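Colleague: Provide a 3D model corresponding to the input given below.
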Amino acid sequence: MKFIFFNSLKKAKRIVVGVIGGTILLIGILMIILPGPAMIFIPIGLSILGTEYLWAKRLLRKIKKTIASENKDGNAAAKKIYSE
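Modeller: As a prediction, this is how the structure comes out:
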């Protein structure tokens, strides 16, 4: 009996996380076109989804890596421009 309750509770949590995270992610994607802070909502939605879904965790990690490398390159380019 405990196993059935635990299994259904786990499924319910996964559904709730999927709905909330998916909604926030969708709002963030819509904010790319509409006015709003899309670059805040998209990572928050992926972080919520990443607690239950591996694909979201991988995508968030990839986005973080891309932003970090662009920021690193951007800082090097800015130093080069201002040092001249």
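Colleague: number of residues surrounding Ile27?
Modeller: Ile27 is flanked by 16 other residues according to other C-beta atoms under 10 Å. From N, CA and C alone the C-beta is placed, and that goes for glycine too.
Colleague: tell me the pLDDT of it.
Modeller: According to the prediction, Ile27 has pLDDT 95.
Colleague: surely it is in contact with Ile44?
Modeller: No - with contact taken as C-beta atoms under 8 Å, Ile27 and Ile44 are classed as non-touching, separated by 9.5 Å.
Colleague: max-length helix in the chain?
Modeller: Within the chain, and with DSSP state H defining each element, the longest helix by residue count is helix 2-33.
Colleague: buried sites along that one?
Modeller: Burial within helix 2-33, assessed by neighbour count using 16 or more other C-beta atoms under 10 Å, is assigned to 17, 21, 24-25, 27-28, 31.
Colleague: what sits against Ile20?
Modeller: When the contact criterion is C-beta atoms under 8 Å, 6 or more residues apart in numbering, the partners of Ile20 are Ile48.
Colleague: apply 10 Å and report the result again.
Modeller: Taking C-beta atoms under 10 Å, 6 or more residues apart in numbering as the criterion, Ile20 is in contact with 45, 48-49.
Colleague: same question for Thr23.
Modeller: Taking C-beta under 10 Å, 6+ apart, one finds 41, 45, 48 in contact with Thr23.
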